[in-house]
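Enquirer: Turn this into a model:
(one chain, ligands or ions: 1)
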Amino acid sequence: MIGIGAGDPDHLTFQAAKAIAAADVFLLVDKGEAKHDLAGLRHDLIAQHGRRPYRIVEARDPERDRTAAAYTEAVEDWRSRRARIYRSFIEDELKDGQTGAFLVWGDPGVYDSTLAALDEVDAEFECEVIPGISSVSALTARHRVGLTQVGRPVHITTGRRLAAEGATADDVVVMLDAHCSFAEAGDGFRIYWGAYLGTPDEILIEGPVGEVADEIRAVRAEARARKGWIMDTYLLRREPPARG
Ligand SMILES: C[S@@+](CC[C@H](N)C(=O)[O-])C[C@H]1O[C@@H](n2cnc3c(N)ncnc32)[C@H](O)[C@@H]1O
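Expert: Numbers count the residues shown, from 1 in each chain. Sure, this is the predicted structure:
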């Protein structure tokens, strides 16, 4: 399992490039039309770093019930169907001694179900995980801020949870937020927002939530309509109390 970074081909580490060069067969899971430029990056990385002869096997991502009120159950069901795809890849596409590779967006350890789905696969195989540059690292680097403040914790969560629970720490990283939940939860926070990080379409906006929330909403809606998809991430950092 190879973390490929969050969108910039140069995010790929030397370790990841070597792992791509060592793979015999790649499994690419297509998430549908809307995300084709993401699939394009995977093909480009294989073309650039793969060593022929290699094969690419493409599979269609199982549909997930995004309307389900029971979000966790819907994800678990989707993960089991993914596990079946992985199992048939391992059993049907790999000969003995061959190495298969999954190219995982960002870092495989951050909000990605590939590891958990592989855990469900009932087949004999060894698995190595190559870390990748996560969108969280890309976000803070592009804004030139630290993820952590001296001796302080950081909370990483989803837009859904932020909307339900509010900001439960002074530093909160939010991913998978389709609804700009910062606008309600972000009072008293500064936001460091980034979309399409690492790509030519990258957009960065920073400022007190109260001042930039409307701008982010508008920019996000316009970009999403224009491209047909969006991935955005942000850090909420509580503003220090005014002195005096
Ligand atoms: C399923 S998670 C995968 C995260 C990935 N494993 C990582 O390490 O970044 C997808 C979410 O990651 C964030 N994300 C991934 N790539 C991004 C990018 N290039 N720019 C902004 N956000 C990104 C978004 O919040 C998106 O909804």
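
Enquirer: Can you list the low-confidence ranges for this protein?
Expert: 32-36, 65-66, 68, 244 (pLDDT under 70).

Enquirer: can you list the residues of it near the ligand?
Expert: Proximity of the chain to the ligand (CB under 6 Å from any ligand atom) is limited to residues 6-7, 105-107, 110-112, 134-135, 175-176, 194-198, 231-233. Just so you know, the C-beta spots here come from the backbone N, C-alpha and C atoms, and that holds for glycine as well.

Enquirer: again, 8 Å this time
Expert: Within the chain, the positions near the ligand by CB under 8 Å from any ligand atom are 3, 6-7, 104-113, 132-136, 138-139, 159, 174-177, 194-199, 202, 231-233.

Enquirer: Can you flag the buried ones in the residues you listed?
Expert: Neighbour-count burial (16 or more other CB atoms under 10 Å) is assigned, among those, to 3, 6-7, 104-108, 110-113, 132-136, 138-139, 159, 174-175, 177, 194-199, 231-233.

Enquirer: one step back: return the subset of the residues of the chain next to the ligand lying in helices.
Expert: Among those, the ones falling in helices (DSSP state H) are Ser135, Val136, Ala138, Leu139, Gly159.

Enquirer: Out of those residues, flag the one nearest to Arg87.
Expert: Of all those, the one with the least separation from Arg87 (CB to CB) is Ser135, at 28.6 Å.

Enquirer: With the flanking residues excluded, which residue is spatially nearest to the closest one?
Expert: Closest residue in space to Ser135, ignoring its immediate chain neighbours: Ala6 at 4.1 Å, by CB to CB, 6 or more residues apart in numbering.

Enquirer: In the protein, what residue spans correspond to helices?
Expert: Assigned by DSSP H, the chain shows helices spanning 14-22, 36-49, 71-88, 114-119, 135-143, 159-165, 182-185, 209-227.

Enquirer: ok, so of the ones in helices among the residues of the chain next to the ligand, who is nearest the ligand?
Expert: Of all those, Ser135 has the smallest distance to the ligand: 3.3 Å, by CB to the nearest ligand atom.

Enquirer: Dig out what the closest residue to the ligand within the chain forms beta bridges with.
Expert: Going by CB to the nearest ligand atom, the ligand is nearest to Gly106 of the chain, at 2.1 Å. Beta bridges link Gly106 to Gly5, judged by DSSP bridges.

Enquirer: returning to what we had before: now the residue nearest to Ser135: phi and psi?
Expert: When quoted as degrees, to the nearest 10, the phi and psi of Ala6 stand at phi -100, psi 20.

Enquirer: and it, what is it in contact with?
Expert: Counting by CB atoms under 8 Å, 6 or more residues apart in numbering, Ala6 touches Trp105, Gly106, Gly132, Ile133, Ser134, Ser135, Ser137, Ala138, Leu197, Gly198.

Enquirer: repeat that for 7 Å
Expert: Listed by CB atoms under 7 Å, 6 or more residues apart in numbering, the contact partners of Ala6 are Trp105, Gly106, Ile133, Ser134, Ser135, Ala138, Leu197, Gly198.

Enquirer: Could you check how far Asp122 is from Ala116?
Expert: 14 Å (CB to CB, to the nearest Å).

Enquirer: For these two, indicate the residue with more neighbours.
Expert: The residue with more neighbours, out of Asp122 and Ala116, is Ala116; 13 against 8, by other CB atoms under 10 Å.

Enquirer: my read: the more buried one touches Trp78, true?
Expert: No: taking contacts as CB atoms under 7 Å, Ala116 lies outside contact range of Trp78: 10.8 Å.

Enquirer: if we can go back for a sec, distance to Glu211 for the ones in helices among the residues of the chain next to the ligand - can I get that in TSV?
Expert: Below are these laid out as TSV (distance: CB to CB, whole Å):
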residue	distance to Glu211
Ser135	24
Val136	24
Ala138	24
Leu139	19
Gly159	20
